[in-house]
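Novice: need a structure here:
(chains A and B)
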2 protein chains.
Amino acid sequence: MVVSIDLARSTTAAALKKIGWDDEDAAAQAAIMTSSEICGNSQGLVKMYDPSLMAPAPGVSKPVVERETDTSAVINGNLTPGMVVAMRAADLAVKKVKDGNQAICIVSSYNSSTSSGQMGYYVERMAQSGVIGIGVTNSPELVAAASGSKPVFGTNPIAVAMPQSAGPPFTFDMATSAMALYGVLTAKAMGTPLPVGVAYDSDGKPTTDAAKANPHDGGALATFGGHKGAGLSLCVELLAGALSGGAVLGQVESKKVAKNLGHTFIAIDPNKMTDNFDSKVSSILAAVKASGPGIRIPGEQSAKTAAERTAKGEMPIPAKVWEMILKTAEKGL
Amino acid sequence: MVVSIDLARSTTAAALKKIGWDDEDAAAQAAIMTSSEICGNSQGLVKMYDPSLMAPAPGVSKPVVERETDTSAVINGNLTPGMVVAMRAADLAVKKVKDGNQAICIVSSYNSSTSSGQMGYYVERMAQSGVIGIGVTNSPELVAAASGSKPVFGTNPIAVAMPQSAGPPFTFDMATSAMALYGVLTAKAMGTPLPVGVAYDSDGKPTTDAAKANPHDGGALATFGGHKGAGLSLCVELLAGALSGGAVLGQVESKKVAKNLGHTFIAIDPNKMTDNFDSKVSSILAAVKASGPGIRIPGEQSAKTAAERTAKGEMPIPAKVWEMILKTAEKGL
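Specialist: Just a heads-up that it's a prediction; the model follows:
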């Protein structure tokens, strides 16, 4: 169904308050999920379909900066959801670059308890402040490093955004898995086969059967792009998981049980490096776009979708999701 | 044929001096190419097979730091080869982190005139100094963003290395192209077909004919991993090309003609972020390695090859390459 964007955001915030979040954290999470929904991204308001998963974890408290230098910080997420702590970390990286007049800063966070949502959201927000944003995050064991192997990686996304004075930032956001978990769950629900090469069954053999591929049923997702994708996923595991102080494979029973996931954000001031970075980026994007028919620049489609929906002030939301948000806003869990 | 490693390095340095390099630049390039050869990497001494390509460019002078802050620098390569300027940039990033007691630093270079060789070399060298090294570089138009498109990207590699007190650093080094140019040239020379999906002909159609795929004959390489690989390649183009001040697609006739390529290196002190980073990395690598049969950790094979060859003090070099190095050391071009 079609819902006003403002209403979607405010009702989602009300639902989050009803299940235990304070004004600040409810507003932040509602803004992030609504923004993803506006873009048509799969990490949007569907997260509210099972609001119990969005409720505060036992022992949760506010994120705290634990280590800090002029160019770095580490935030203990104190079991806050990935979305809240990712935004704090990304914003702090930008603040350190801008307030400190630095060329580059790094901020990691650990001990966040749930999915960070759409990583592109945070780096795009960084780029809207005029800095280059790079972000990575790890997540529980879903993705196997190769055929015949147990899942070790999360979908371990990499996101990069660059400021653009004319129009929205250039934003690239990809999972290092061959498919999003959401895609597997949808295929399972619809009874449709998965593409070849995106998943393994519980024996580690390639499968197109979504019911066998679900990590919760013993299956695993594949990395994209073969061993290169696996190598990138491993780098994300090291930079987001190990460097942040999060749960470390081999040192915990599982990342899933430890619920201690990490993010790392790097902010770079392009003006410290070169002149006219903005127009250089535009020129490269235009040249790549013009290099052949049908080339899509990353983020182009979602920016277009977002612009159309924002202009109208409304967007489609799956009826079951919207009903659950309304119900939660009224009655809680 | 099998040649002593020391002899290979010193004779290559002598050949480079004979064609016009000073002691310092000859030694640096010889060390880098020999190191790649020791690892079994395709970016090694084969570069000396046509020594005219390794000769100093007209107008070349020493690299100069042009912009600098406590946490950043930009080096004008002044047409020095990619290998020389990449090493300067990577080393300067490490020096800035260590001497300045910084958490993170960024050093870019532009105006280098030739291939940087094996990007893994520089980041591994950074990790040997105890910092995390991340490096990207762009190169002339060889790789198309999609089927049906003109080449716009270089092989645009991404390299990441992390310090490991027990043994060599973890080093990941990948081209964002589906294949190295070297692989296409070898297949063309041997008359063997290319794998499916790695190259396009001059009409932008997928081809397995190496003779049609050669970019010098109007063909192009594909990116690895479909649109995700293309997105990563674009990010490398922006971070290494645009951010460094190098030649920008759409602002020059071509990067190939402009001969103004860029690198970007980021150095991170892991001790500013977390405790025991070294053992966390080891634990993750061991867990991934143990997650299934036959899993190779990136860099594992080349580290093994390098260790074996270093222990013996000798390594195989293609006879034609070695003969050319000997001839050049004696007679020059």
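Novice: which residues in the stretch 51-200 of chain A form helices?
Specialist: A:82-99, A:119-128, A:181-190 (DSSP state H, counting those that start in this stretch).
Novice: please work out which of those is packed deepest.
Specialist: helix A:119-128 (a mean of 26; mean count of other C-beta atoms under 10 Å in any protein chain shown). Every residue, glycine included, has its C-beta placed from N, CA and C.
Novice: hang on, the earlier thing: which of the helices of the stretch 51-200 of chain A has the lowest mean pLDDT?
Specialist: Ranked by mean pLDDT, these bottom out at helix A:181-190, with a mean of 82.
Novice: C-alpha coordinates for it, CSV please?
Specialist: Taking C-alpha atoms only, helix A:181-190 is exported to CSV below (Å, rounded to 0.1, in the frame of the first residue of the first chain):
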residue,chain,number,x,y,z
LEU,A,181,19.9,-13.4,3.1
TYR,A,182,16.6,-11.5,2.4
GLY,A,183,16.7,-12.9,-1.2
VAL,A,184,17.0,-16.5,0.1
LEU,A,185,14.1,-16.0,2.5
THR,A,186,11.9,-14.5,-0.2
ALA,A,187,12.7,-17.4,-2.6
LYS,A,188,12.0,-19.9,0.1
ALA,A,189,8.6,-18.3,0.8
MET,A,190,7.7,-18.1,-2.9
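Novice: helices and strands around that helix, which ones?
Specialist: Judged by 3 or more C-beta pairs under 8 Å, 6 or more residues apart in numbering or on different chains; DSSP states H and E, helix A:181-190 is in contact with helix A:210-213.
Novice: what mean pLDDT does the helix it packs on have?
Specialist: Per-residue pLDDT over helix A:210-213 has a mean of 90.
Novice: from the chain's centroid, how far away is it?
Specialist: Computed by C-alpha atoms, centre = their mean, to the nearest Å, the separation of helix A:210-213 from the middle of its chain amounts to 24 Å.
Novice: dump the helices of the stretch 51-200 of chain A to TSV, plus distance to residue B:326.
Specialist: Putting these into TSV (distance: least, C-beta to C-beta, whole Å) gives the following:
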stretch	distance to residue B:326
helix A:82-99	52
helix A:119-128	51
helix A:181-190	57
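Novice: looking at those, which is nearest to residue B:103?
Specialist: helix A:82-99 (9.9 Å; C-beta to C-beta).
Novice: buried ones in stretch A:98-115?
Specialist: A:102-115 (16 or more other C-beta atoms under 10 Å in any protein chain shown).
Novice: quick one, what contacts residue A:175?
Specialist: A:155, A:156, A:157, A:224 (C-beta atoms under 8 Å, 6 or more residues apart in numbering or on different chains).
Novice: mind running it again at 6 Å?
Specialist: Residues near residue A:175 by C-beta atoms under 6 Å, 6 or more residues apart in numbering or on different chains: A:155, A:157.
Novice: does residue A:266 have beta-bridge partners, and which?
Specialist: residue A:106, residue A:134 (DSSP bridges).
Novice: ugh, wrong one, I meant residue A:158
Specialist: Residue A:158 forms beta bridges with residue A:136, residue A:174, as assigned by DSSP bridges.
Novice: in the stretch 51-200 of chain A, what residue comes closest to chain B?
Specialist: Closest contact between the stretch 51-200 of chain A and chain B, by C-beta to the nearest C-beta, is at residue A:149 (2.5 Å).
Novice: tally up the residues packed near that residue, please.
Specialist: A count of nearby residues for residue A:149, using other C-beta atoms under 10 Å in any protein chain shown, gives 22.
Novice: mind checking how far residue A:97 is from residue B:106?
Specialist: Noted for residue A:97: a distance of 11 Å to residue B:106, by C-beta to C-beta, to the nearest Å.
Novice: residues in contact with the lowest-mean-pLDDT helix or strand in chain A?
Specialist: Least confident element among the helices and strands of chain A, by mean pLDDT, DSSP states H and E: helix A:181-190 (a mean of 82). For helix A:181-190, contacts defined as C-beta under 6 Å, 6+ apart pick out A:42, A:142, A:194, A:210, A:211, A:213, A:214.
Novice: distance of the residue nearest to the third one when sequence neighbours are not counted from residue A:174?
Specialist: Read it as residue A:194. Nearest residue to residue A:194, sequence neighbours excluded (C-beta to C-beta, 6 or more residues apart in numbering or on different chains): residue A:208, at 4.7 Å. In this view, residue A:208 and residue A:174 are 22 Å apart by C-beta to C-beta.
Novice: these two - which one has more neighbours?
Specialist: For residue A:208 versus residue A:174, neighbours defined as other C-beta under 10 Å are more numerous around residue A:174 (24 against 16).
Novice: that one against residue B:227, yeah?
Specialist: No - using C-beta atoms under 6 Å, residue A:174 makes no contact with residue B:227, being 8.5 Å away.
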